[in-house]
Each structure stands twice: as structure tokens, then as C-alpha cells.
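Chemist: Structure, please.
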Amino acid sequence: MNWYEIALGVVLIAVSLFIIVFTLGQEQKGQGLSAAITGQSAGMEAGRERGVDAKLAKLTRICGVVFFVVALVVCVLSARL
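Modeler: Purely as a prediction, here's the structure:
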């Protein structure tokens, strides 16, 4: 195992943990599947993310892109060996 494989593995684990923390830190937007089944319209209202939720959503998206790119790089590097 090369040093870059270890480093990229650590980055993947760290980004995965960030995604989990940022996702759990966001406020729940609706009542989930039960609201969709019963037809409650409270979850259907158009609302924009504000303040901390907007920052957490943006950080989650950024971490998702970083995770995807690093995973692709790891796959390409592993295939070459």
C-alpha cells in the first residue's frame, strides 16, 4: 500500500464523517413519508433554507463533491496498479 492510498483513504473517512455531521445538523424540513402518504400539505410548502441551515446544506454539497472526486481518483489509481 502506497502513501497516497493511505492519505486518500483518510480523506474519504474524514469527508464521510463531515457529511454525516452536516446532514444531522440540519433542521428537518418535513414529516417524512407519513406526511406524503396521508396527504398533509405542510411538507409541500415552498421554503428557502436560511442561516445556519443554508451553510450546512452548502457544506454538505461541497463535501459530497469532494467525496465523489476522491473516490474516483482512488479507483483510477487502484486500477493502474
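Chemist: so which strand or helix has residue 64?
Modeler: In this structure, residue 64 sits in helix 52-80 according to DSSP states H and E.
Chemist: Tell me how far that helix lies from the chain's centre.
Modeler: In terms of CA atoms, centre = their mean, to the nearest Å, the centre of helix 52-80 is set 8 Å apart from its chain centre.
Chemist: lowest-pLDDT helix or strand in the protein?
Modeler: Least confident element among the helices and strands of the chain, by mean pLDDT, DSSP states H and E: helix 33-38 (a mean of 67).
Chemist: For residue 6, give its distance to residue 78.
Modeler: 13 Å (CB to CB, to the nearest Å). Every C-beta, even on glycine, is put in place using the N, C-alpha and C of the backbone.
Chemist: for residue 55, same thing?
Modeler: As for residue 55, its distance to residue 78 is 34 Å (criterion: CB to CB).
Chemist: Looking at the two, which one has more neighbours?
Modeler: residue 55 (14 against 10; other CB atoms under 10 Å).
Chemist: hmm, back to that, by contact count, what packs against the helix holding residue 64?
Modeler: helix 3-25 (3 or more CB pairs under 8 Å, 6 or more residues apart in numbering; DSSP states H and E).
Chemist: mind saving the C-alpha coords of the helix it packs on as CSV?
Modeler: Listed next in CSV are the C-alpha coordinates belonging to helix 3-25 (Å, rounded to 0.1, in the frame of the first residue of the first chain):
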residue,chain,number,x,y,z
TRP,A,3,1.4,6.5,1.0
TYR,A,4,-1.1,8.2,-1.3
GLU,A,5,-3.6,5.4,-0.9
ILE,A,6,-3.4,5.8,2.8
ALA,A,7,-3.8,9.6,2.6
LEU,A,8,-6.8,9.4,0.2
GLY,A,9,-8.4,6.7,2.5
VAL,A,10,-8.1,9.1,5.4
VAL,A,11,-9.6,11.9,3.4
LEU,A,12,-12.5,9.7,2.4
ILE,A,13,-13.2,8.7,6.0
ALA,A,14,-12.9,12.4,7.2
VAL,A,15,-15.2,13.6,4.4
SER,A,16,-17.7,10.8,5.2
LEU,A,17,-17.8,11.9,8.8
PHE,A,18,-18.3,15.6,7.8
ILE,A,19,-21.2,14.6,5.5
ILE,A,20,-22.9,12.7,8.4
VAL,A,21,-22.4,15.6,10.9
PHE,A,22,-23.6,18.3,8.5
THR,A,23,-26.6,16.3,7.4
LEU,A,24,-27.6,15.5,11.0
GLY,A,25,-27.1,19.2,12.0
